[in-house]
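1. Below is the sequence, then the predicted model.
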Amino acid sequence: MKIRGVVLAAVLVGVMFLGISCSNNAGSGSDSLKVGFSQIGAESAWRSAETDSIRNEAVKRGVDLKFSDAQQKQENQIKALRSFIAQRVDAIILAPVVETGWEPVLKEAKKAGIPVILVDRGVNVSDDSLYTTLIASDFVEEGRMAGKWLVEKLGGNGNIVELQGTPGAAPAIDRKKGFEEAVAESPGMKIVKSQTGEFTRSKGKEVMETYLSAARAEGLKIDAVYAHNDDMALGAVQAIEEAGLKPGSDIIIVSIDGVKAAFEAMVDGKLNVTVECNPLLGPAAFDAVEKAVAGESLEKKIIVRDEVFDQSVAAEVLPTRQY
Ligand code: GYE
C-alpha cells in the first residue's frame, strides 16, 4: 500500500511537470505572451510602417498584443502604460513621443516587474535601469549624413531652411544637432529659418509656404530645404511647386526616412536625397521582449544602421523598398 501510494504520488507529480512544461513550450515559446504597445500616432508613412511591422510580428509569434494609439499626446501614452500595468502584461513596447517626463510611469512598470522595450525614440531618464533596451537608429549620425551630403552638393555655400520634427522628440533634437555639426564646418552654409513641421506632410507644406513668402518679401534666396522626415519634405515639395519653383533643382531637398514616396519623388527629380531610417522594428522588438521575459540580459542600445540614397540610385532601388 505504502509503495503504491509513493508511486501514485510520483506519477501525479510527473503529470503536473509535464503539464507545466507543455504550456510553456507550446508553439514558438511566446504564444501566451501578453504585450502592450504604446504607439505615438500615425503622423507619417514611417510610423505606419513601424506599426504594421510590430503588429504583423505579434501575429506571427502568437503574441496577444494590446495596441494603443496616443494621438501624439504623452499623457495618452502614460495612461496606456498604466492600463498595461493594471492588466499585468508580460512586457511593454513603448515608442515615446518626447524624451522627458517618463520617470514616474517607468518606475511603476519597474515596480510591477514589467520590462519596457523602447522602440525608435529614446527617453531622458537619470536611471537607465527604468527600461530594458532601446532599439533605434543613430539620429545624430542621420543628421550628419544629410548635412555632409548637402555641403558637398552646394559646394559649401547656401541658405538652408530647416523643417524640424515634433518638439522635444529624440529624432528632432538629434537630427538638428547632427546636421548643424556637419554644416558648421562650412561658414558659407547658413540655416536661415528653422521651425517645427511636426513630422507631417500638411504642416511641412504650411511652414514652407510661410517661408517662401517671407523669403520673397525679404529678398532672400532659399537654396535648400533640410526636413527631419520625408513627409515634411514632400509637403515642402508641394509648396515649392505651387509657388512656381522647381523642387529638386531651384531648391535642393534633403530629408530622412527613406519611405517609398520619397523614392518616387527622387525618380521624378523633385527630391534630391533621403537618409534611410528603418521602421521595420517588429522582429527586433519581439526578440528583445522574449529575452527580457526569459530573464536574459540585453544591450542597453540596439542600433539600427542606415544608408544614404540619392537620385542616382532611386529608380534602381525603388522596387526593392519594403516601406
Ligand atoms: O523619422 C518620422 C516619424 O521616430 C524615427 O518619427 C521616428 C520618426 C520618423 O514620424 O517620420
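-> Now that the structure is in, tell me what you want to look at.
2. give me phi/psi at the spatially closest residue to Ala42 that is not a sequence neighbour?
-> Take Ala42 and drop its neighbours on the chain: the residue closest to it by CB to CB, 6 or more residues apart in numbering is Ser48, 5.6 Å away. (C-beta placed from N, C-alpha, C; glycine too.) Ser48 has phi and psi values of phi -60, psi -40 when expressed as degrees, to the nearest 10.
3. Mind pulling up the pLDDT for Ser48?
-> We have a pLDDT of 97 for Ser48.
4. For it, give its distance to Val63.
-> 20 Å (CB to CB, to the nearest Å).
5. out of the two, which sits in the busier spot?
-> Comparing Ser48 with Val63 by other CB atoms under 10 Å, the one with more neighbours is Val63, at 24 against 16.
6. Would you mind confirming that the more buried one is in contact with Val35?
-> Yes: using CB atoms under 8 Å as the test, Val63 is close enough to Val35 to be in contact (5.3 Å).
7. between the two, what contacts are shared?
-> Residues touching both Val63 and Val35 comprise Phe286, Val289, with contact defined as CB atoms under 8 Å, 6 or more residues apart in numbering.
8. Which residues of the stretch 101-250 of the chain lie near the ligand?
-> Asp120, Arg121, Pro171, Phe199, Asn229, Asp231 (CB under 6 Å from any ligand atom).
9. could I get those as a markdown table with neighbour count, distance to Ile303 and pLDDT?
-> Conversion of those to a markdown table gives the following (neighbours: other CB atoms under 10 Å; distance: CB to CB, whole Å; pLDDT from 0 to 100):
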| residue | neighbour count | distance to Ile303 | pLDDT |
| --- | --- | --- | --- |
| Asp120 | 26 | 12 | 94 |
| Arg121 | 24 | 14 | 97 |
| Pro171 | 27 | 14 | 98 |
| Phe199 | 28 | 21 | 98 |
| Asn229 | 34 | 19 | 98 |
| Asp231 | 30 | 24 | 98 |
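10. Strands - which of those residues land there?
-> Members of those lying in strands (criterion: DSSP state E): none.
11. among those, which two are most distant?
-> The most widely separated members of these are Arg121 and Asp231, with 16.0 Å between them, by CB to CB.
12. Residue in the stretch 101-250 of the chain with the shortest distance to the ligand?
-> In the stretch 101-250 of the chain, the residue that lies nearest the ligand is Asn229 (3.5 Å; CB to the nearest ligand atom).
13. How about the contacts made by that residue?
-> Going by CB under 8 Å, 6+ apart, Asn229 touches Ser44, Trp46, Gly165, Pro171, Phe199, Ser255, Ile256, Asp257.
14. And it, how close does it get to Glu108?
-> Relative to Glu108, Asn229 is positioned 32 Å away (CB to CB).
15. ditto for Lys221
-> Counting by CB to CB, the separation of Lys221 from Glu108 is 53 Å.
16. Compare those two and say which is more crowded by neighbours.
-> When Lys221 and Glu108 are compared for neighbours, Glu108 comes out ahead with 16 against 12, by other CB under 10 Å.
17. Looks like that one contacts Ile85 (just checking).
-> Yes: look at Glu108 against Ile85 with CB under 8 Å: they come within range, at 5.8 Å.
18. Can you give the strand pairings for the strand or helix carrying Leu134, parallel or anti for each?
-> Using DSSP states H and E, the secondary-structure element containing Leu134 is strand 133-137. According to DSSP bridges, the neighbouring strands of strand 133-137, each with its direction, are strand 116-119 (parallel), strand 301-304 (parallel).
19. what comes into contact with the first one?
-> This points to strand 116-119. In this structure, residues lying in contact with strand 116-119 by CB under 8 Å, 6+ apart are 50, 54, 91-96, 106, 109-110, 130-136, 281, 285, 288-289, 292.
20. mind exporting it as CSV, just the C-alpha atoms?
-> Included here for strand 116-119 are C-alpha records, laid out as CSV according to Å, rounded to 0.1, in the frame of the first residue of the first chain:
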residue,chain,number,x,y,z
VAL,A,116,9.9,48.1,-21.0
ILE,A,117,11.4,47.9,-24.5
LEU,A,118,11.8,51.3,-26.1
VAL,A,119,11.5,51.4,-29.9
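21. Flag the shaky bits of the stretch 51-200 of the chain, pLDDT-wise.
-> Across the stretch 51-200 of the chain, nothing is flagged by pLDDT under 70.
22. can you map out the helices along it?
-> 74-86, 103-111, 139-154, 170-184 (DSSP state H, counting those that start in this stretch).
23. Of the ones you listed, give the one that comes closest to Glu241.
-> When the helices of the stretch 51-200 of the chain are ranked by proximity to Glu241 (CB to CB), helix 139-154 comes first, at 20.2 Å.
24. What are the buried residues along the closest one?
-> Of the residues in helix 139-154, 139-151, 153-154 count as buried by neighbour count, 16 or more other CB atoms under 10 Å.
25. Counting neighbours, what do you get for Arg305?
-> 9.
26. so how far is the ligand from it?
-> Note on Arg305: its distance to the ligand, by CB to the nearest ligand atom, to the nearest Å, is 14 Å.
27. residue contacts, that residue?
-> Ser137, Asn278.
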